[in-house]
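*Asks:* Sequence below, structure please.
(2 chains)
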Number of protein chains: 2
Amino acid sequence: MNIAIAQSGGPTCAINASLVGVFKQGLLTEEIDAIFGSINGIEGMIGDELVNLKTIIRSNEDMELLRQTPSTVLGSCRYKLPSYEDDPEVYEKIMKTLTTHRIGIFIYIGGNDSMDTVVKLSAYMKHVGSDIRIIGVPKTIDNDLPITDHTPGFGSAAKYVAATVQEIIRDSSVYSIPSVTIVEIMGRHSGWLAASTCILRANGEEAPHLIYLPEGDFSAESFIEDVRKEMAKHKAVLVAVSEGVYDPGMEEFQSGATDVFGHKYLSGVGKYLERLVADKIGCKVRSIELNVMQRCSSHICSKTDIDEAERIGRHALRAALDGNTGMMMFFRRVSDAPYAVTIDMTDASNVANLEKMFPAKWITPEGNQVTDDAITYFLPLVQGEVGIYMKNGMPTHFQRPLQMR
Amino acid sequence: MNIAIAQSGGPTCAINASLVGVFKQGLLTEEIDAIFGSINGIEGMIGDELVNLKTIIRSNEDMELLRQTPSTVLGSCRYKLPSYEDDPEVYEKIMKTLTTHRIGIFIYIGGNDSMDTVVKLSAYMKHVGSDIRIIGVPKTIDNDLPITDHTPGFGSAAKYVAATVQEIIRDSSVYSIPSVTIVEIMGRHSGWLAASTCILRANGEEAPHLIYLPEGDFSAESFIEDVRKEMAKHKAVLVAVSEGVYDPGMEEFQSGATDVFGHKYLSGVGKYLERLVADKIGCKVRSIELNVMQRCSSHICSKTDIDEAERIGRHALRAALDGNTGMMMFFRRVSDAPYAVTIDMTDASNVANLEKMFPAKWITPEGNQVTDDAITYFLPLVQGEVGIYMKNGMPTHFQRPLQMR
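*Replies:* Predicted coordinates:
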């Protein structure tokens, strides 16, 4: 029997480690012959674009390099599988790829959209009486998948964000005049990643002085009042804001202006808050977007995250070999200190297209900070450093062979 | 005799290491009693705001932590000393601070503005017949100081930028559709930091495919043509652009629109190039500002840079003890491979208010790349990693005592 692996959705630092996990388990399993990688997620299954991973990952060193290489070595996609009723042909194409290459197991590493694919594809297999098994492996820096304690990729993103926010605190504190620095942090509709900056308190930092999440109520008036209160206590105020925070004023802010090409100015909540502070308080203010660096800064990844990502990949293949299909693997936290998780599985339909929000109980009544319970939750996820292979003073990445570019 | 140290200008990862260098040399020098730190650069000398550094840096561990803490532990300023003729009172205030605290040597760590202070203050001392000595120590991530081979702080910034651009390359290469990613890099009027991304070629990277510097000619037309050519060769094109690159079209781009508060939209060259690509080519395009992270990401600092910054600090104090004044210390490169520098000194007036541009001979005739000679120059500066002290999975910083906040 052969197997296939694909990666989907937005890149993270840990998604290649999960691939390594599946691959290693595949090498160890006698009944498995070829291990295929599907190029650009499910698109590669539809278009029969597969690579033989054993010709690409050729040594232990390659596996180590892949573990420290961010993003998806097999490429990615945002393709959403149509329903079988709407487009049976797509399913037939996938089936043809699977049968042509004698693939008995397909492992899909991705977020809640990808779990939708796992649900649909496994239902199709049952429908046509095939015993090809489909298993999902979670990943997202947003940490917004239900059921699982946390998602692979999140811990590394949180570690990068915390380390960087701490450095920005130092940077913003040097001048004698009062200032406000606003850091806009990813997370889509959920505030997990922005909230995780609270772990800096474990190292004695007072900042971020204010943390705003989509799960809390936000108003421009209370924001300005919050900032004024913090400015009375601190010379340099640091605000962490989740990209999903919404204020009706933002629409007006973005509505009027167009550039010389006729495009609308679209800016994020960080820029909006910067302008609010400039207008209402008039002090020195700067907003910073951490941008894609949050999902790809593997040079400061979390060893806990990378190790867990590999481990959940191995478990996924074992679950498939045990005959399971249509399931997503997940972490169950057994203990905070000492930190311990077990790996279990759930029907992928419990995760597909669903989001898990940051708990309201961990947001302070004022809606501008998170509680110490959140620190207890987040802290284990950022522990440990991967010894990065350096060459010429720079991290070394696994380079995709030419045929895959 | 006592001595005083101050830090000035924009933060870097290495400016605290230079402070440690002066401090260590001070501890070793029998004739030196107290070592004062001046809060917020020369402002602390004017306002007599000094701290006794021996009460603040109290152990070898403190010194190690300071070496890995970005930004300026003593605060900074952008204050430009007026001429003696215009404002003798400022000089008298500084003199009063110096004499009150029996300070015989003042070491000023900063950029070309700070060297102007070294020039003026040392001239004043001569003028009034004082033997108080003033020595400058260079620092800037921009690498734009004349005379010196390079500036402390630059190597760490270059290492962060290269590592991050490499991660952005991985991140931008995952989807099957063509895309352009534009990374805007600091450097003020000079292109050193943007140019340094060429070192990725030493590790087999093809990107950045295009590098634009203020020292080269820029036109929107050739830019679009360059991008089209690269898109024919690469699915994901990465452009590094120095913040100082100027195109007349930028003014028009920024001129029209105002936001709801009546402020003008001011965006950098990265955003401008993004809009140009969107308008003229119409493909997927994203611009990324590396922002202050370029000057404060000490978690991936260059050991060569940090060690040299400390060493030049030690030399500065020794030069002052030898009777020199009005001088700036600098690096003279003896050899590229094996890399070796010696430390020498020059009259600070050779540096004050002057800028050193990226050499035209290292820019390709097309003006959109740099030559291999530039790699030879840059590569030694990013070598080596500082073993960062981690706590709770995050880098540990030297925390300023409460009295200094």
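*Asks:* From here on, just use CA atoms for contacts and neighbour counts.
*Replies:* Fine.
*Asks:* is chain B contacted by stretch A:55-64?
*Replies:* No. Using Cα under 8 Å from any Cα of the partner chain, stretch A:55-64 never reaches chain B; the gap is at least 15.4 Å.
*Asks:* average pLDDT for that stretch?
*Replies:* The average pLDDT within stretch A:55-64 is 95.
*Asks:* what does stretch A:277-295 give?
*Replies:* 96.
*Asks:* for that stretch, which positions count as buried?
*Replies:* Neighbour counts over stretch A:277-295 (16 or more other Cα atoms under 10 Å in any protein chain shown) mark A:Val277, A:Ala278, A:Val285, A:Arg286, A:Ser287, A:Ile288, A:Glu289, A:Leu290, A:Val292, A:Met293, A:Gln294, A:Arg295 as buried.
*Asks:* Pick out the most distant pair among these.
*Replies:* Farthest-apart pair in the buried residues of stretch A:277-295 is A:Ala278 and A:Arg295; separation 29.8 Å (Cα to Cα).
*Asks:* does A:Met329 count as helix, strand or coil?
*Replies:* Of the three states, A:Met329 takes strand according to DSSP: H, G, I helix; E, B strand; the rest coil.
*Asks:* Need the pLDDT of the residue of the stretch 1-150 of chain A found nearest chain B.
*Replies:* Nearest to chain B in the stretch 1-150 of chain A, going by Cα to the nearest Cα, is A:Gly75, at a distance of 4.1 Å. pLDDT for A:Gly75: 94.
*Asks:* before we move on, the earlier item: with the buried residues of stretch A:277-295 in mind, which one is nearest to B:Pro359?
*Replies:* Nearest to B:Pro359 among those: A:Met293, at 30.4 Å, using Cα to Cα.
*Asks:* so the closest one sits right up against B:Val165, yeah?
*Replies:* No. A:Met293 is beyond contact range of B:Val165, at 9.1 Å (criterion: Cα atoms under 8 Å).
*Asks:* Quickly list what's touching both of these two.
*Replies:* Common neighbours of A:Met293 and B:Val165, counting by Cα atoms under 8 Å, 6 or more residues apart in numbering or on different chains, are absent.
*Asks:* what about the residue lying farthest from the centre of chain A, distance to B:Met45?
*Replies:* In chain A, the residue that sits farthest from the middle, by Cα atoms, centre = their mean, is A:Ser176; the gap is 37.9 Å. To B:Met45, A:Ser176 is 14 Å away according to Cα to Cα, to the nearest Å.
*Asks:* before we move on, what about A:Glu215?
*Replies:* To B:Met45, A:Glu215 is 48 Å away according to Cα to Cα.
*Asks:* Show me which of these two is the more surrounded one.
*Replies:* Neighbour comparison, A:Glu215 and B:Met45: the larger count goes to B:Met45, with 25 against 20 (by other Cα atoms under 10 Å in any protein chain shown).
*Asks:* I'd say the more buried one and B:Tyr91 touch.
*Replies:* No. In this structure, B:Met45 is not within contact of B:Tyr91 by Cα under 8 Å, at 9.6 Å.
*Asks:* could you pull out the helices for the stretch 101-250 of chain A?
*Replies:* Ranges of helices in the stretch 101-250 of chain A, per DSSP state H, counting those that start in this stretch, are A:112-127, A:154-172, A:192-195, A:220-233, A:248-255.
*Asks:* Could I get these in TSV, plus columns for mean pLDDT, mean neighbour count and distance to chain B?
*Replies:* Supplementary listing: the helices of the stretch 101-250 of chain A in TSV, determined by pLDDT from 0 to 100; neighbours: other Cα atoms under 10 Å in any protein chain shown; distance: least, Cα to the nearest Cα, whole Å:
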stretch	mean pLDDT	mean neighbour count	distance to chain B
helix A:112-127	96	22	15
helix A:154-172	98	26	5
helix A:192-195	98	29	15
helix A:220-233	97	15	11
helix A:248-255	75	15	5
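*Asks:* Specify which residues of the stretch 251-400 of chain A, grouped into ranges, have pLDDT under the cut-off.
*Replies:* For the stretch 251-400 of chain A, applying pLDDT under 70 flags the ranges A:254-267.
*Asks:* A:Tyr246 touches A:Tyr272, doesn't it?
*Replies:* No. A:Tyr246 lies out of contact with A:Tyr272 (Cα under 8 Å); the separation is 10.3 Å.
*Asks:* Great, nothing more from me.
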